[in-house]
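# what follows is a predicted protein model with its sequence.
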Amino acid sequence: MQLIFTFIILSIITLIAVLLIVLNKNTRSAKIRQIAQQNNWQYQEFIDFSDDIKQANFGLLNYSQNVIFRHFVQASDKSYGLKFKTFDCRAIEPIGIHNSSIILFTLVLENEFNNLHLRLNRFNQDNDAFSDASHQQAIKNQYRQQKLTILANHQIPKAFNNASPQTSNIDIYANQPNQAYRFLKYVCSTPEKEKSLIHWLLAHPHLHIEISSGMLLAYKKNQLIEESSLIAAISAVAELALILCTDKH
């Protein structure tokens with residue numbers, strides 16, 4: 001009788017262990033870890049708020065009451081020609097709690113653009129008849145905290161501003177508007193590069209895009225990237241990062 005009881009207990013323990021293993025394989029952590037291992041990328045479950053991100057002064061990451069980074073993946077330039085990081089970010093802001101997947105690429109820029117902070121905002125998403133006025137004010141307050149100024153029409157290269165009605169709906173903010181003008185003009189210096197940039201922006205209308213301290217940050221507000229779509233999302237942002245690079249050496 002005692003042997004039967006012991007066998008039952010061991011069987012239950014074994015079954016629980018097997019169930020835990022099966023469940024763990026289906027978790028977001030396990031899936032992203034597997035993607036990282038398959039591509040020889042580094043994976044961490046949690047990370048601290050690093051100094052380079054603090055210094056970059058990104059809005060979502062620096063001006064939230066509490067920020068938690070999970071499922072952190074980072075890689076060298078072997079995969080896409082540029083270093084990148086991607087992670088889930090849970091940020092608590094006055095306008096709400098955001099759970100977003102962040103993709104962050106290190107750009108290769110001319111020295112004069114390394115201190116540029118530029119932010120693209122498709123204002124028609126956040127400014128319509130159904131918008132909360134307090135939400136709009138919170139966004140404006142964040143821009144002020146970041147010391148970003150909207151570019152005037154004459155500071156936006158004509159090639160960029162007049163490319164299509166859709167791109168004219170994008171507000172551009174920068175810490176140094178004149179430098180931002182030179183940067184955008186440089187990026188659109190050839191018809192091929194201009195066309196690539198405009199087509200990319202039109203193909204990804206819902207992304208928040210921010211450039212600071214030589215890094216490109218992209219995410220869709222309050223949306224986590226499905227594990228099955230992670231590679232495609234990273235590849236898409238890599239395309240933009242390569243377009244924005246001004247130093248090819």
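That came through, no problem.
# and the helix or strand containing Leu197, which residues are buried?
Element membership for Leu197, per DSSP states H and E: helix 191-203. Of the residues in helix 191-203, Glu194, Ser196, Leu197, Ile198, Trp200, Leu201 count as buried by neighbour count, 16 or more other CB atoms under 10 Å. C-beta coordinates here come from the backbone N, C-alpha and C atoms, glycine included.
# quick one: low-confidence residue ranges for this protein.
For the chain, applying pLDDT under 70 flags the ranges 1-26, 63, 65, 93-95, 122-143, 159-169, 248-249.
# show me where it has helices.
With DSSP state H as the criterion, the chain has helices at 2-25, 28-38, 51-56, 59-62, 133-145, 158-161, 177-187, 191-203, 230-244.
# would you mark the buried spots in the third one?
Using 16+ other CB under 10 Å as the test for burial, helix 51-56 gives Ile53, Ala56.
# with the fourth one instead?
Residues of helix 59-62 classed as buried by neighbour count (16+ other CB under 10 Å): Gly59, Leu60, Leu61, Asn62.
# between those, which sits nearest Ser229?
Comparing the buried residues of helix 59-62 against Ser229 with CB to CB places Leu60 closest, at 20.4 Å.
# out of everything not next to it in sequence, what's closest to the closest one?
Ala91 (5.4 Å; CB to CB, 6 or more residues apart in numbering).
# isn't the one you found right up against Arg70?
No - Ala91 is not in contact with Arg70 according to CB atoms under 8 Å; the separation is 11.9 Å.
# which one of the two is surrounded by more residues?
Per other CB atoms under 10 Å, whichever of Ala91 and Arg70 has more neighbours is Ala91, with 22 against 18.
# contacting residues for the more buried one?
Ala91 sits next to Leu60, Leu61, Ser64, Asn66, Val67, Ile68, Ile97, His98, Ser100 when contact means CB atoms under 8 Å, 6 or more residues apart in numbering.
# can you pull up the bridge partners for it?
On the basis of DSSP bridges, Ala91 is bridged to Val67, His98.
# could you dump the buried residues of helix 59-62 into JSON lines and include distance to Lys221?
Output for the buried residues of helix 59-62, formatted as JSON lines (distance: CB to CB, whole Å):
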{"residue": "Gly59", "distance to Lys221": "11"}
{"residue": "Leu60", "distance to Lys221": "8"}
{"residue": "Leu61", "distance to Lys221": "13"}
{"residue": "Asn62", "distance to Lys221": "16"}
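# using CSV, lay out the contacts of Ala91 together with distance to Phe49.
Below are those laid out as CSV (distance: CB to CB, whole Å):
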residue, distance to Phe49
Leu60, 12
Leu61, 8
Ser64, 10
Asn66, 10
Val67, 6
Ile68, 9
Ile97, 17
His98, 16
Ser100, 16
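# from these, pick the one nearest Gly214.
Once CB to CB is applied, the member of the contacts of Ala91 that ends up nearest Gly214 is Leu61, at 15.7 Å.
# so that closest one makes contact with Ile92?
No - between Leu61 and Ile92 there is no contact under CB under 8 Å: 12.0 Å.
# hey, what's in contact with both of those two?
Contacts common to Leu61 and Ile92, judged by CB under 8 Å, 6+ apart, are Val67.
# Phe84 and Ile35, how far apart?
13 Å (CB to CB, to the nearest Å).
# show me the contacts for Gln176.
Applying CB under 8 Å, 6+ apart, the residues contacting Gln176 are Asn115, Leu116, His117.
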